[in-house]
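In: need a structure here:
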Amino acid sequence: MKKLIFSLFLATCLISACNKEMETDPVSTAIINGYDLRLCACCGGLLISLDSTNNDVYQWYQKNGDFGVTYLDTFPLQVKIRYHLVNNTCFASKGEIEINELKKIK
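Out: Here you go, the predicted structure:
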């Protein structure tokens, strides 16, 4: 009986932990301004303005999958994203973000 109760408790903790992790990455509307073509050591990627940050520009490198953003897109491009800030990175803007989900707004 104790093993059953412990197993149920453990399963409940694991399930609730998964839900909390998904909620930590905020969903935001953003504008992809285009590619960062500056010639500096930490430049590159795409420049993104998040609506919730008073027009601060962040950098994003498409390294975790294909989100369908290419040089053929017309910039600025409005999108909805689920993202998180990346710490301890070298950047030439307000910071670097990593995008987990991206949906183009038409």
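In: for this structure, which segments count as helices?
Out: Taking DSSP state H as the test, the helices found in the chain are 2-24.
In: what residue ranges in it score low on pLDDT?
Out: The model of the chain has pLDDT under 70 over residues 6-26, 52-53, 64, 88.
In: state the distance from Leu72 to Asp66.
Out: 13 Å (C-beta to C-beta, to the nearest Å). Placement of C-beta: from N, CA and C, glycine included.
In: quick one, which of those two is more surrounded?
Out: The residue with more neighbours, out of Leu72 and Asp66, is Asp66; 8 against 5, by other C-beta atoms under 10 Å.
In: in stretch 45-56, what counts as buried?
Out: By neighbour count on 16 or more other C-beta atoms under 10 Å, the buried set for stretch 45-56 is Gly45, Leu46, Leu47, Ile48, Ser49, Leu50.
In: phi, psi of the first one?
Out: Think Gly45. Dihedral pair for Gly45: phi 80, psi -160, per degrees, to the nearest 10.
In: and it, what does it touch?
Out: Contact analysis of Gly45 by C-beta atoms under 8 Å, 6 or more residues apart in numbering lists Tyr35, Asp36, Gln59, Trp60, Tyr61, Gln62, Glu96.
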